[in-house]
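[1] following is a predicted model, sequence given first.
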Protein chains: 2
Amino acid sequence: MKNHTVFFKSGIYIEDTATIVGPKEAEGPLGRYFDKSVCDDLLGQKSHEKAEIRLHISAIRYLLNKTGHKDGDVDLCISGDLLDEIVGASLTMREFDIPFMGVYNACATFAESLILAASLIDGGNFERIICSTSSHFCTAERQYRYPLELGNQRTPLSQWTATGVGATMLNRVKGKIRIDCATIGRVVDYGVKDANDMGACMAPAARETLLAHLEGSSRDVDYYDLILTGDLGEAGSGLLRLLMEEKGVKLGEKYRDCGVLLFNKAAQDVGQGGSGAACSSSVFNSYVYKKMMCGELKRVLLIPTGALCSKTSTLQGESVPGIAHAVSFTLA
Amino acid sequence: MKNHTVFFKSGIYIEDTATIVGPKEAEGPLGRYFDKSVCDDLLGQKSHEKAEIRLHISAIRYLLNKTGHKDGDVDLCISGDLLDEIVGASLTMREFDIPFMGVYNACATFAESLILAASLIDGGNFERIICSTSSHFCTAERQYRYPLELGNQRTPLSQWTATGVGATMLNRVKGKIRIDCATIGRVVDYGVKDANDMGACMAPAARETLLAHLEGSSRDVDYYDLILTGDLGEAGSGLLRLLMEEKGVKLGEKYRDCGVLLFNKAAQDVGQGGSGAACSSSVFNSYVYKKMMCGELKRVLLIPTGALCSKTSTLQGESVPGIAHAVSFTLA
């Protein structure tokens, strides 16, 4: 097992965050923590892809307004989404006068963007970077699975792709919350071929990254007030608990999953819970950020998880490996 | 115009490179510079997607063998390709015990991976990183345009996606060639909607990044022995010359394009020349690398260029914006 845990020498701070979500997310248990929500997830656009782009633009613009920054104050946007060729993030960036780098690690993309941004700021050549990811239930369903119009029955282990955007502005100067270290994960393949059972695809990667993080940082589970995976869902996070116990680590009450927190499983018909590139970014940048800002949580380990597949790879019988990266946040 | 030019404090060196290409690329003018080539671009696999993954695995494995390194000696792979959800790079990384971050800026992905890797090494937390990108003519045609079986006529301004992989190993310790600085580009949209005319989509981005680089580095065109765009092709690089002249900069004899160098336009029926995420990576890591190693070229500016679209965005009538990043190499 080879992973890479990095400690940041300089203070890498969260300057501010922004979240916009769809109507279902707004009705969920975390509804009051989001900055904004839309009541129509088509946003008056001709397609849900165009709507997702509008959401992404709005979130970045809102973050700039909130912080009083102009485009020119930001050195770089590191962004991604689930659309083929991350075309949502790419077309979003048409609207901004900010250098852009596109990233993709499926639903672990938000972690990737945070770790890259923190490393770049730590290196001394960058002052301020925006990390953002979006996803949209309707664009993901038709791209990865079936057009919604078909009305396909959902499988018991399926999850509900979050509609929304989460954006974080990192800088080296000010902020109450800092990123102190992070662990970069590997692609972990347990041979799962059911692309609807994403929790099972991703749980082994989450375990590997979490174990590597605890070892690489010489910390234990109790060090953190909250350990939060990205979107393993109800079944997947149960699986992670079992997999960790196999290695002698009890996750206990401090472990949660963004996908489980985002929706009310009993009432909202979301299968095992939320998923999508915006799942961890919208939950972290709203609920977790606010809980940290008011001091209720002091140390949080966020582990966004990704299932690496495309419609083509699934049709060609490839397995769906997982990846997970861990980012440690601490009150400064 | 806001771009970001970064200078690397530490020496970021090329430890070694590896290239594998398809039969058409091997028959082109640069044939003898590539490490390896395959005579059947299906490689005995059931699909060209699976073949592209085999090529990518082989290139990284060859690079590890060449340098005598094990997986554990490499801190990170930063890789990408043109397949939906960069699933080629993602499934490639199943085979390696190396942390992975997936990146996507279309055919500018190689530049993105180099700039990120150089920045991470410069920051002090990483010793050795592999940057790699792949593309495959047959997978790109059917994904972005039409299945090859249809036998569609190619448009006059179309280009030929390179089949191959280029991989670079960067480290902080040894090597004759170093990356001294780089300029990160913005998404530039001139409203071009013809996804077959990629040169026109990307040339404005190449101009903006090149101008920003010259300004940010206080250098002029004469500083470099070679300025090399990624895959503007014959028509697109003519366009860049004109666009630069508009700003009073004559590119002259020192300017070349990887897509033009890769094929013999008159004899190989490639439209305006090569393109694809492997175009700049295979040309740089073979021809340019060897010309630098023997001292024939001392200072090279590589500007991979990307056209940001997906099949869906094209069908939905979106424009195809471009992006370009510049990386400066110098003999140490």
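    That came through fine.

[2] where exactly do the helices run in the stretch 51-200 of chain A?
    Under the criterion DSSP state H, counting those that start in this stretch, helices of the stretch 51-200 of chain A are mapped to A:87-92, A:109-123, A:137-144, A:198-217.

[3] same list, the ones you listed, but as TSV with mean neighbour count please.
    Bear in mind the C-beta positions are built from the backbone N, C-alpha and C, glycine included. What follows is the helices of the stretch 51-200 of chain A, written out as TSV (neighbours: other C-beta atoms under 10 Å in any protein chain shown):
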stretch	mean neighbour count
helix A:87-92	30
helix A:109-123	29
helix A:137-144	22
helix A:198-217	25
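
[4] need those in TSV (columns: distance to chain B and mean pLDDT).
    Below are the helices of the stretch 51-200 of chain A laid out as TSV (distance: least, C-beta to the nearest C-beta, whole Å; pLDDT from 0 to 100):
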stretch	distance to chain B	mean pLDDT
helix A:87-92	4	98
helix A:109-123	3	97
helix A:137-144	8	96
helix A:198-217	9	97
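
[5] ok, now how distant is the nearest residue to A:M293 once chain neighbours are set aside from chain B?
    Nearest non-adjacent residue to A:M293, counting by C-beta to C-beta, 6 or more residues apart in numbering or on different chains: A:K176, 6.1 Å away. As judged by C-beta to the nearest C-beta, to the nearest Å, A:K176 and chain B stand 23 Å apart.

[6] might one say that A:K176 is in contact with A:T330?
    No: counting by C-beta atoms under 8 Å, A:K176 stays clear of A:T330, with 10.1 Å between them.

[7] among these two, which residue is more densely surrounded?
    A:T330 (18 against 14; other C-beta atoms under 10 Å in any protein chain shown).

[8] so that one bridges to which residues?
    A:R178, A:R299 (DSSP bridges).

[9] about what we covered before: would you turn the helices of the stretch 51-200 of chain A into TSV with distance to B:I60?
    TSV is the format used below for these (distance: least, C-beta to C-beta, whole Å):
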stretch	distance to B:I60
helix A:87-92	26
helix A:109-123	19
helix A:137-144	27
helix A:198-217	20
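
[10] which SS state does the residue lying closest to A:F110 once chain neighbours are set aside fall under?
    Nearest non-adjacent residue to A:F110, counting by C-beta to C-beta, 6+ apart: A:S281, 4.1 Å away. Here A:S281 is recorded as helix under DSSP: H, G, I helix; E, B strand; the rest coil.

[11] do A:T5 as well
    strand.

[12] ok, now A:Q45?
    coil.

[13] need the contact list for it.
    Neighbouring residues of A:Q45 by C-beta atoms under 8 Å, 6 or more residues apart in numbering or on different chains: A:51, A:54.

[14] how near is it to A:L55?
    10 Å (C-beta to C-beta, to the nearest Å).

[15] equivalent analysis for A:V187, please.
    Distance from A:V187 to A:L55, by C-beta to C-beta: 29 Å.

[16] likewise A:L170?
    A:L170 is 21 Å from A:L55, by C-beta to C-beta.

[17] how about the residue lying closest to A:R54 once chain neighbours are set aside, phi and psi?
    Spatial nearest neighbour of A:R54, excluding adjacent residues (C-beta to C-beta, 6+ apart): A:L43 at 5.0 Å. Note on A:L43: backbone dihedrals following degrees, to the nearest 10 are phi 50, psi 30.

[18] so which of the helices of the stretch 51-200 of chain A gets nearest B:G191?
    B:G191 lies closest, by C-beta to C-beta, to one member of the helices of the stretch 51-200 of chain A: helix A:87-92, at 12.6 Å.

[19] list of residues touching that closest one?
    Against helix A:87-92 from outside (C-beta under 8 Å, 6+ apart): A:49, A:52-53, A:56-57, A:60, A:79-82, A:100, A:102, A:132-134, A:139, B:105-106, B:187, B:308-310, B:312-313, B:318, B:321, B:323.

[20] what about stretch A:64-75, near chain B?
    Yes: Stretch A:64-75 reaches chain B (C-beta under 8 Å from any C-beta of the partner chain) through A:71-72, A:75.

[21] what comes up buried for that stretch?
    Buried residues in stretch A:64-75, counting neighbours by 16 or more other C-beta atoms under 10 Å in any protein chain shown, are found at A:64, A:67, A:69, A:74-75.

[22] and A:T17, what is it in contact with?
    A:T17 neighbours (C-beta under 8 Å, 6+ apart): A:63, A:166-169, A:284-286, A:289.

[23] could you list the low-pLDDT ranges of chain A?
    A:1-3 (pLDDT under 70).

[24] and it, what are its domain boundaries?
    A:12-171, A:177-331 (automatic domain parsing).

[25] would CSV of those domains with distance to B:A266 be doable?
    Listed next are the domains of chain A as CSV, based on distance: least, C-beta to C-beta, whole Å:
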stretch, distance to B:A266
domain A:12-171, 32
domain A:177-331, 35
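
[26] how close does A:I303 sit to chain B?
    14 Å.

[27] isn't that residue up against A:A111?
    Yes: here A:I303 reaches A:A111: they are 7.2 Å apart, a contact under C-beta under 8 Å.

[28] which neighbours do those two have in common?
    With C-beta under 8 Å, 6+ apart as the test, A:I303 and A:A111 both reach A:230, A:324-327.

[29] how close does A:G11 sit to A:T67?
    Counting by C-beta to C-beta - A:G11 and A:T67 are separated by 17 Å.

[30] again, but for A:N285
    13 Å.

[31] A:V165 now?
    With C-beta to C-beta as the criterion, A:V165 and A:T67 are 16 Å apart.

[32] quick one: closest of the domains of chain A to B:G273.
    Per C-beta to C-beta, nearest to B:G273 of these: domain A:12-171, 21.5 Å.

[33] and the end-to-end length of that closest one?
    Domain A:12-171 has an end-to-end distance of 6 Å (C-alpha to C-alpha, to the nearest Å).

[34] how far does it sit from its chain's centre?
    9 Å (C-alpha atoms, centre = their mean, to the nearest Å).

[35] who are the neighbours in contact with A:L120?
    A:L120 neighbours (C-beta under 8 Å, 6+ apart): A:76, A:126, A:129, B:116, B:119-120, B:123.

[36] residues contacting A:K311?
    A:143-144, B:84.

[37] could I get those in a markdown table, plus columns for distance to B:L214?
    Converted to a markdown table, these look like this (distance: C-beta to C-beta, whole Å):
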| residue | distance to B:L214 |
| --- | --- |
| A:Q143 | 40 |
| A:Y144 | 43 |
| B:D84 | 36 |
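
[38] that older thread, closest one of the buried residues of stretch A:64-75 to chain B?
    Closest approach to chain B among the buried residues of stretch A:64-75 (C-beta to the nearest C-beta): A:D75, at 5.1 Å.
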